[in-house]
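A.B. asks: Need coordinates for the below:
(one chain, ligands or ions: 1)
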Amino acid sequence: MDKIISLCKRRGFIFQSSEIYGGLSNTWDYAPYGVELKNNLKRAWWKSVVYQRDDCLGMDAAILMHPKVWEASGHVANFFDLKSDCKGCKKRFKTEDLKGSKVCPECGGELTEGKPFNLMFKTHQGPVEETSSIVYLRPETAQGMFVNFANILDAKHPKLPFGMAQIGKAFRNEITPGNFTFRTREFEQMEVEYFVKPEDAEQKLQEWIDYRFNWYLNLGMNKDNLRLRPHAKDELAHYAKACVDIEYRFPFNTRGAAGIEEGSWSELEGVANRTDYDLMQHEKSSGKDMSYFDEETKTRIHPYIIEPSGGVDRSVLAFLVNAYFEEKVKDEKRVVLKLHHDLAPVKIAVLPLLRNRPEIVDLARKITQDLKKTFVTVYDDTGSIGKLYRRQDEVGTLKCLTVDVQTLEDKQVTVRDRDTMLQDRVGIDRLKEYFREKFND
Ligand code: GAP
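C.D. replies: Okay, the predicted model is just below:
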């Protein structure tokens, strides 16, 4: 992990927030390569759950919502963790992580009994700090979709089963944030709320588990580091009847007391059956009809909700870990990020072999400008070719294209592959077609 954190800082993937002021703990900023990787990941998710399906509709609801939403959803009453403090070293723990132990795992001191701690961030809307203007920063994007259920029925008339999909920020005042971007207080979620007939819920839950598990595999996740773990009854969130986590084996332990091996398997995404809990709660609380008219049976029903809920930041971290390799090439260490071609921040780097030959530099720049219209392409002439290759490998650039003396004669360039390091000679007029072929599945 230290190597990945250091690479993220050194090469511009992820920076500590407000670093010049000593940093805001457990808060991170995505730098030039990081924002590309994160946007690519979100695009891949959106493509898979919205564009490639006939049954899901996109949404982007506001972060701030009416405070009654969070009363109805059960978050005001139930969205808390139990915390235990050490009377000796004063460290704070999630009681659940202590697995019944009354002794501080850090210093052996005595721990207090678990006390409830609500995880929602509270703030005030408007210029007067009074109770009536309290709003919460949403702890999940899901509610923005539930409260729009009736609007979607009116606007789009979808038939069951259908889903709503959303990517957005969520906030939780976590007791034990940490492990880089794994658990933070501000993070992004990608969630689908899939409405089904109650009798179909079990089957649809399984279909979504498979669909989402395969999404990670198709983007290059090593299947030995990915697994499914059903929740035990006592772990379920207050709204869920069943939940299966898609877990990744991270190179750190997120659940101390569970032990190193078990503790490094941690949740990337949860796929839950939320039943009709949310629609019923909002119907009761708002007084608005949240039912669906089933044309077949001519009855009104409250659909069940299947919810695949993933974390953008956690996925980015897992894909970075999954892609990081150190290899030996001619007695030198090569660090390479073998990110899937849909995720790689930069697709092509154009490198002139001789930077003191204006014809070569001009041609390389012209090729760069042309490729930029279609692919994320960069130009670099600030080092020897060996150094330039290493620099691109470290950030996962898929192809390095070199322009040399021979290019001026035969109008061909050398294209080097990041993973195999094999080289092709390709005509300049064929480049777009060549890359399109390589980057498509
Ligand atoms: N709407 C359901 C829901 O929010 P969750 O399991 O609490 O379920 C879903 O969260 C996903 O959001 C998790 O699988 C994880 O990837 C991500 N997530 C949750 N809390 C997080 C945190 N504090 N930091 C980073 N990601 C988090």
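A.B. asks: Extract the C-alpha set from the one helix or strand Trp45 maps to and format it as PDB.
C.D. replies: Using DSSP states H and E, the element containing Trp45 is helix 32-46. Provided in PDB are the C-alpha atoms of helix 32-46 (Å, rounded to 0.1, in the frame of the first residue of the first chain):
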ATOM      1  CA  PRO A  32      -4.900  15.000 -13.000                       C
ATOM      2  CA  TYR A  33      -4.400  11.200 -13.500                       C
ATOM      3  CA  GLY A  34      -6.800  10.300 -10.600                       C
ATOM      4  CA  VAL A  35      -9.700  12.400 -12.000                       C
ATOM      5  CA  GLU A  36      -9.300  10.700 -15.400                       C
ATOM      6  CA  LEU A  37      -9.200   7.200 -13.800                       C
ATOM      7  CA  LYS A  38     -12.300   8.000 -11.600                       C
ATOM      8  CA  ASN A  39     -14.200   9.500 -14.500                       C
ATOM      9  CA  ASN A  40     -13.400   6.500 -16.700                       C
ATOM     10  CA  LEU A  41     -14.600   4.200 -13.900                       C
ATOM     11  CA  LYS A  42     -17.900   6.100 -13.600                       C
ATOM     12  CA  ARG A  43     -18.300   6.100 -17.300                       C
ATOM     13  CA  ALA A  44     -17.800   2.300 -17.400                       C
ATOM     14  CA  TRP A  45     -20.400   1.900 -14.700                       C
ATOM     15  CA  TRP A  46     -22.900   4.200 -16.400                       C
END
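A.B. asks: Validate this expectation: Val244 resides in a strand.
C.D. replies: Yes: assigned with DSSP: H, G, I helix; E, B strand; the rest coil, Val244 falls within a strand.
A.B. asks: residues contacting it?
C.D. replies: With contacts defined as C-beta atoms under 8 Å, 6 or more residues apart in numbering, the neighbours of Val244 are Leu205, Ile209, Leu228, Arg229, Pro230, His231, Gly270, Val271, Ala272. (Glycine included, C-beta is placed from N, CA and C.)
A.B. asks: Checking the third one next. Helix, strand or coil?
C.D. replies: Leu228 carries the three-state label strand when classified by three-state DSSP.
A.B. asks: out of the contacts of Val244, who's near the ligand?
C.D. replies: Counting by C-beta under 6 Å from any ligand atom, Gly270 from the contacts of Val244 sit close to the ligand.
A.B. asks: What residue, apart from its backbone neighbours, is nearest the residue nearest the centre of the chain spatially?
C.D. replies: Centroid-nearest residue in the chain: Val312, 1.5 Å away (criterion: C-alpha atoms, centre = their mean). Excluding the flanking residues, the one nearest Val312 by C-beta to C-beta, 6 or more residues apart in numbering is Glu188, at 3.8 Å.
A.B. asks: Could you list which residues are in contact with the one you found?
C.D. replies: Contacts for Glu188 were tallied using C-beta under 8 Å, 6+ apart; they are Lys38, Lys42, Ile167, Gly168, Lys169, Ala170, Gly311, Val312, Asp313.
A.B. asks: picking that back up, pull the distance from the helix holding Trp45 to the chain's centre.
C.D. replies: Centroid displacement of helix 32-46 relative to its chain, using C-alpha atoms, centre = their mean, to the nearest Å, is 9 Å.
A.B. asks: So it, near the ligand or not?
C.D. replies: No: residues of helix 32-46 contacting the ligand under C-beta under 6 Å from any ligand atom: none, with a closest distance of 12.0 Å.
A.B. asks: and the next element down the chain from that helix?
C.D. replies: In N-to-C order, the element after helix 32-46 by DSSP H and E is strand 56-59.
A.B. asks: average model confidence for that next one?
C.D. replies: Computed over strand 56-59, the mean pLDDT rounds to 98.
A.B. asks: which parts of it are buried?
C.D. replies: By neighbour count on 16 or more other C-beta atoms under 10 Å, the buried set for strand 56-59 is Cys56, Leu57, Met59.
A.B. asks: Of those residues, which is the nearest to the ligand?
C.D. replies: Nearest to the ligand out of the buried residues of strand 56-59 is Met59 (C-beta to the nearest ligand atom; 13.7 Å).
A.B. asks: How about the closest one, nearest residue that isn't a chain neighbour?
C.D. replies: Distances taken as C-beta to C-beta, 6+ apart put Gln166 closest to Met59, at 4.5 Å, once the chain neighbours are dropped.
A.B. asks: which neighbours does the helix or strand where the one you found lies have in its sheet, and in what orientation?
C.D. replies: For Gln166, the host element (DSSP H and E) is strand 162-171. According to DSSP bridges, strand 162-171 has the following sheet partners: strand 56-59 (parallel), strand 186-196 (antiparallel).
A.B. asks: Show me what from the stretch 251-400 of the chain comes close to the ligand.
C.D. replies: When proximity is defined as C-beta under 6 Å from any ligand atom, the stretch 251-400 of the chain approaches the ligand at Glu267, Leu268, Glu269, Gly270, Glu307, Ser309, Gly310, Gly311, Asp313, Arg314.
A.B. asks: Let's see which of those residues end up in helices.
C.D. replies: Taking DSSP state H, the ones among those that sit in helices are Asp313, Arg314.
A.B. asks: Closest one of the residues of the stretch 251-400 of the chain next to the ligand to the ligand?
C.D. replies: Taking these together and measuring to the ligand by C-beta to the nearest ligand atom, the closest member is Gly311, at 2.3 Å.
A.B. asks: And that closest one, how far from Ser101?
C.D. replies: Distance, Gly311 to Ser101, by C-beta to C-beta, to the nearest Å: 28 Å.
A.B. asks: who's more crowded, these two?
C.D. replies: Higher neighbour count among Gly311 and Ser101: Gly311, with 23 against 13, using other C-beta atoms under 10 Å.
A.B. asks: how much space between that one and Leu388?
C.D. replies: Gly311 is 34 Å from Leu388, where distance means C-beta to C-beta.
A.B. asks: what about the helices in the stretch 301-441 of the chain?
C.D. replies: 312-323, 358-372, 385-394, 405-410, 431-439 (DSSP state H, counting those that start in this stretch).
A.B. asks: ranking those by burial, who's on top?
C.D. replies: Mean neighbours per residue, mean count of other C-beta atoms under 10 Å, is largest over these for helix 312-323, with a mean of 22.
A.B. asks: Residues touching that one, excluding its own?
C.D. replies: Defining contact as C-beta under 8 Å, 6+ apart, one finds that helix 312-323 is touched by 1, 4, 8, 13, 28, 34, 37-38, 41-42, 167, 180-182, 184, 187-190, 216, 219-222, 225, 248, 250-251, 267-269, 337-340, 343, 396.
A.B. asks: Now do the contacts for Ala72.
C.D. replies: Here Ala72 is in contact with Gln281, His282, Lys284, Ser285, Ser286 (C-beta under 8 Å, 6+ apart).
A.B. asks: Skipping adjacent residues, who's closest to it in space?
C.D. replies: Ser285 is the one closest to Ala72 (C-beta to C-beta, 6+ apart), at 3.6 Å.
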